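**Q** Just need the structure, nothing else, for what follows:
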Amino acid sequence: MRCILVAPVLPDLGSEGSLKTQRTAAGSDALAHSFLDNLFFVQGRSRDRATFNDLYMALAHTVRDRLVERWIQTVLNYRAQDVRVVCYLSAEFLTGPHLANNLINLGIYDEADEAMRKLGLDLETLIEQEAEPGLGNGGLGRLASCFMDSLATLDIPAVGYGIRYEYGIFDQEIRDGWQVEATDKWLRLGNPWALERPEDAFEVQFGGHTERESDGKGGFRVRWVPQRLVRGIPNDTPILGYRTNTANTLRLWSAQAVESFNFESFNTGDFFAAVSDKVDSENISKILYPNDEQIQGKQLRLEQQFFFVSCSLQHIVKIQKVAERPLADLHRNFAIQMNDTHPAIAVAELMRLLVDENQMDWETAWNVTTHTLSYTNHTLLPEALEKWPASLFGALLPRHLEIIEEINRRHLADVRSSYPGDEDRVRRVSIIEDAGSGERYVRMAHLATLGSHAVNGVAALHTDLLKTSVLRDFYDLTPEKFSNKTNGVTPRRWMVLSNPRLAQLISSRLGHSWIHDLEKLRKLEPLAEDAEFAREWRAIKHHNKQRLAAYIYQILGIAVDPDSMFDVLVKRLHEYKRQHLKVLHILTLYKRIQHNPEIAMQPRTFIFGGKAAPGYRMAKLIIKLIHSAAAVIHGDPLVRDRIRAVFLPNYNVKLGQRVYPAADLSEQISLAGLEASGTGNMKFAMNGALTIGTLDGANIEIREEVGADNFFLFGLTAQEVEQKRSEGDNPRAIYEANPHLREVIDSLAAGEFSHGDRGLFEPLVQSLLNSDPYMLFADYQSYVDCQDRVDQAYQDTNHWTRMSILNVARIGKFSSDRAIRDYCSEIWKTWPVKIEI
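**A** Down below sits the predicted model:
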């Protein structure tokens, strides 16, 4: 790569003002100057010796320099003012790459592009060099990151707390159609965005026992005598809002040993013992979501959850005390949001910090705890509502089990008072579940619900189902706690950054204010009838499809036609998300063409992506099925020019930024009543894809907003699903009665898509025939019929374009800015604080 060699000009170190100006100036010349300085002084490289990573790091430091003043000023302002700070506790933060997003939010993307061109460099190449932080598994972590973006954009005081996993979610490789997990070494080349703060570390206790001693006032206090200590080291990353001075902090904790090296053991030749504490401690923040099929994995996950919660709460309490504010007023200064059940141990830990460490009486501490904490539930799946064996919990966190048992004792006394004689209700609402086999379990969703002043679902249907099923008894006790806060996603990353041509087209008609007020997209509605605007709209979609097609060819060696319909299903692999229903549809089309080669059919490219949990065998088998079906289709000259199927390995945020803008059809086909919300559905719609989906999660509200005529609906409703379950679903009868379904299932069973191996897909076939827990067969014909309507609609180009424009015009509700405003006004009771530089 050729570049213009420019000798770096050193800043005037004698003038603080000039140095500050040089590090904050936003013109292309100043950016080029800073880039060369950082390459030389930070990376320690001359231009002719620099690697691509050196160049990326130099640019990242150049951009970070322009964040730091805002970041420091934000922290100072929050400390100086009496504000209520939102503390967002989440086990995942799937931030995506930082560089391009920060350029967008600073408003210097074009200037950076020009600066790099002056130096003979390509900005997009440097952006592509950034490793993606694999700190999340899917929607949960991505939602947390969207919320952090919106909190800063709306000038809301906030800190995000989580874990800095050394190795994030695994890298997914595909070998012979099977998923293989590889280590995600996202930190291998360094992370220029985070600053380690070892001086702000906290110690976290594990194991041991408790002792009771006199408090000198006629009562007693409990002292926890731990078996081991772990040090939590904060790593702080600035999260800048869009075109604002607010830069909030994302604080991620890494685990270290208090004593990382035992000199005595080393000198006696026991080299392993010399570093065993270091290894055990660092394992806590080593990897995202260790496999918890074995007890060791369960223990590590519980250790992870308590580790980051304890560090975070200790930090919050320290801030309150340093500011000389009463701990009894903690809830007036902090609103702590638990993102799902992973941080639910915060209820017991905050009580321990207040009662044991700061001698607060129980009633006052409980009042502070419940008015500080709030809880977002993200799932209706029983297996995702965490519960821990009490034996494991007590061995690892003995004091917390005591606190939870006392919370539960008082809670059940209140329940018995309100519902005398209703011991079945008492059993259902108990935090401690007696499994009947001698083992007891700690129900974390129960603990989070009881210890919070507010509980919310993330879509209207999801919240209704929480009230009527999963948390019904708690809703009966305290209905005022429950509310809905439908999820949203940030348009900065998912439109402005991911789909710049579409964003520019919209801005050419509406100006730029829609980027932080997405409801203004409504003004696009009249343009749905504008032929010239529609032509430009289609040209942008086609460009995005060409770009994705080139990427597919680059990584898979498979040529796909940008003129075909791009039919996309990208999300975490799970049976309830029903990727295998999509495969049944593909195989149905395959059989149709075989039977009638002249059949009129819109050519389609089916695009899959998503990771299966390492221990989830059926999900991995579905990935194998996708690849096996694709191989047969691509090898059949009769079919391969009509339909194609590809699986994009290692799906992540960076890849999503390519996929969402290129999609024509968004597949949101989970069984009704199981998807809490979904956010991929929102990202697709924001980029002009039409949705085919069930009445599940946020699909319902998307359909209400964009209009039923601009949404392809199929399948059972949540109520019909429950009715079918209660009456007894009979998938084999459906199979027998539907010749098209039977042909597809029989072909799978006969080994047609597995080189004659009848056993390969036998577990999947038998699961569908004998139980079909996610009712693929019940929804099959409705889905196929709906796909036929999609086929007809796509052939009318003008009508399809109109529907696409209206989807974007009416998607404003699903901005994360709207969601954050709802949380602020109804749960957190906080307000914007403008940062002046």
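**Q** residues touching Ala58, list them.
**A** 35-36, 38-39, 42-43, 45, 50 (CB atoms under 8 Å, 6 or more residues apart in numbering). Every residue, glycine included, has its C-beta placed from N, CA and C.
**Q** Assign it to helix, strand or coil.
**A** Secondary structure, DSSP: H, G, I helix; E, B strand; the rest coil: Ala58 is helix.
**Q** ranges for the strands of the stretch 51-200 of the chain?
**A** 85-89, 158-163, 171-175, 178-182, 195-196 (DSSP state E, counting those that start in this stretch).
**Q** Need the CA coordinates for stretch 213-225. PDB is fine.
**A** C-alpha atoms of stretch 213-225 as PDB (Å, rounded to 0.1, in the frame of the first residue of the first chain):
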ATOM      1  CA  GLU A 213     -20.500 -11.300  67.200                       C
ATOM      2  CA  SER A 214     -21.900  -8.600  69.500                       C
ATOM      3  CA  ASP A 215     -22.400  -5.200  68.000                       C
ATOM      4  CA  GLY A 216     -21.900  -3.600  71.400                       C
ATOM      5  CA  LYS A 217     -25.500  -2.400  71.500                       C
ATOM      6  CA  GLY A 218     -27.200  -5.500  72.700                       C
ATOM      7  CA  GLY A 219     -27.600  -7.000  69.300                       C
ATOM      8  CA  PHE A 220     -25.300  -8.900  67.000                       C
ATOM      9  CA  ARG A 221     -23.600  -8.500  63.700                       C
ATOM     10  CA  VAL A 222     -22.500 -11.000  61.100                       C
ATOM     11  CA  ARG A 223     -19.000 -11.300  59.900                       C
ATOM     12  CA  TRP A 224     -18.200 -13.200  56.700                       C
ATOM     13  CA  VAL A 225     -14.900 -15.000  56.900                       C
END
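**Q** in it, what's buried?
**A** 222, 224 (16 or more other CB atoms under 10 Å).
**Q** Tell me the gap between that stretch and the middle of its chain.
**A** Distance of stretch 213-225 from the chain centroid (CA atoms, centre = their mean, to the nearest Å) equals 43 Å.
**Q** again, but for stretch 574-586
**A** So, by CA atoms, centre = their mean, the centroid of stretch 574-586 is 22 Å from its chain's centroid.
**Q** again, but for stretch 382-393
**A** The answer for stretch 382-393 is 22 Å, by CA atoms, centre = their mean.
**Q** Quick one: residues in contact with it.
**A** Counting by CB under 8 Å, 6+ apart, 295, 298-299, 302, 341-342, 344, 378-379, 400-401, 432-433, 439-445, 470 sit against stretch 382-393.
**Q** Recalculate using a threshold of 6 Å.
**A** Stretch 382-393 is contacted by residues 302, 341, 401, 439-445 when judged by CB atoms under 6 Å, 6 or more residues apart in numbering.
**Q** cool, and stretch 694-707?
**A** Against stretch 694-707 from outside (CB under 6 Å, 6+ apart): 459-461, 486, 668, 670, 672, 675-678, 681, 685, 693, 711, 715, 717, 807, 810, 813.
**Q** Looking at the contacts of stretch 382-393, which gets the smallest pLDDT?
**A** Within the contacts of stretch 382-393, pLDDT reaches its minimum at Glu439, with 88.
**Q** Around that one, count how many other residues there are.
**A** Neighbour count of Glu439, defined by other CB atoms under 10 Å: 12.
**Q** before we move on, what about Gln719?
**A** The burial count for Gln719: 11, using other CB under 10 Å.
**Q** Over to the one 5 residues further on?
**A** Other residues near Lys724 number 14, with proximity taken as other CB under 10 Å.
**Q** can you put the contacts of Ala58 in CSV and add neighbour count?
**A** Conversion of the contacts of Ala58 to CSV gives the following (neighbours: other CB atoms under 10 Å):
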residue, neighbour count
Phe35, 26
Leu36, 20
Asn38, 24
Leu39, 24
Val42, 16
Gln43, 20
Arg45, 18
Ala50, 18
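**Q** mind giving me TSV with those and columns for secondary structure?
**A** Conversion of the contacts of Ala58 to TSV gives the following (three-state DSSP):
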residue	secondary structure
Phe35	helix
Leu36	helix
Asn38	helix
Leu39	helix
Val42	helix
Gln43	coil
Arg45	coil
Ala50	coil
